[in-house]
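**Student:** can you look at this prediction? I've put the sequence above it.
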Amino acid sequence: MKHFALAAVAALGLAGPALAADPVEGVWKTQVDDGHYAHVKIAPCGEHICGVIAKAFDASGPIASENIGKPIVWDMSAAGGGSYKNGKIWQPSTGKIFNSKMTLSGNTLKVKGCVGPICKGQTWSRVQ
C-alpha cells in the first residue's frame, strides 16, 4: 500500500506541468487579411508564448503558402486575467512587425499590433 501511495504522489507530480497549460494554447483562426487567413498554433516557447502559421487559406480553401511554419507571434508574456503583453506580431500581407498584445476571452483572442499609441487588431477564433 505504501508503494501505491508513493506512485500516486509521483504520478500527480508528473501530471502537474500538463495541467498547468496556458489557456491560450491551441490553434486559432485569424481574420481575413488581403484575401487570406491562417490557422495559428500557439504554444509556449521558453518562458513566453509564441504562434506559428500552421495552415493557410483563401476563399476557396487550404492553399500552399511559403508562410506555413513561420512565426507570426512571439515573446508574449502572460500578464494575468487573460492578458498577454510585450510581444511581437508579423503581418504577412505587409511583411511588417509590430509590438503586440493579446486578450483571451473564452474561445476568442483579440490580437493587436501597435506602433506607438496607434493599434490595429483582429479577433481570432479558437479552432481547437
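**Tutor:** Alright, I've got the coordinates.
**Student:** center of this protein - which residue?
**Tutor:** Central residue of the chain (C-alpha atoms, centre = their mean): Ile42, 3.0 Å from the mean position.
**Student:** for it, which non-adjacent residue is spatially closest?
**Tutor:** Gly51 (4.4 Å; C-beta to C-beta, 6 or more residues apart in numbering). Every residue, glycine included, has its C-beta placed from N, CA and C.
**Student:** ok, Thr103 next?
**Tutor:** Using C-beta to C-beta, 6+ apart, the closest residue to Thr103 is Lys110 (4.5 Å).
**Student:** that neighbour bridge partners, please.
**Tutor:** Going by DSSP bridges, Lys110 is paired in beta bridges with Thr103, Thr123.
**Student:** and it, how far from Asn86?
**Tutor:** 16 Å (C-beta to C-beta, to the nearest Å).
**Student:** surely the residue nearest to Ile42 is within a strand?
**Tutor:** Yes. Secondary structure of Gly51 (DSSP: H, G, I helix; E, B strand; the rest coil): part of a strand.
**Student:** may I have the secondary structure class of the residue nearest to the centre of the chain?
**Tutor:** Assignment for Ile42 (three-state DSSP): strand.
**Student:** I'm done for today, thanks for sticking with me.
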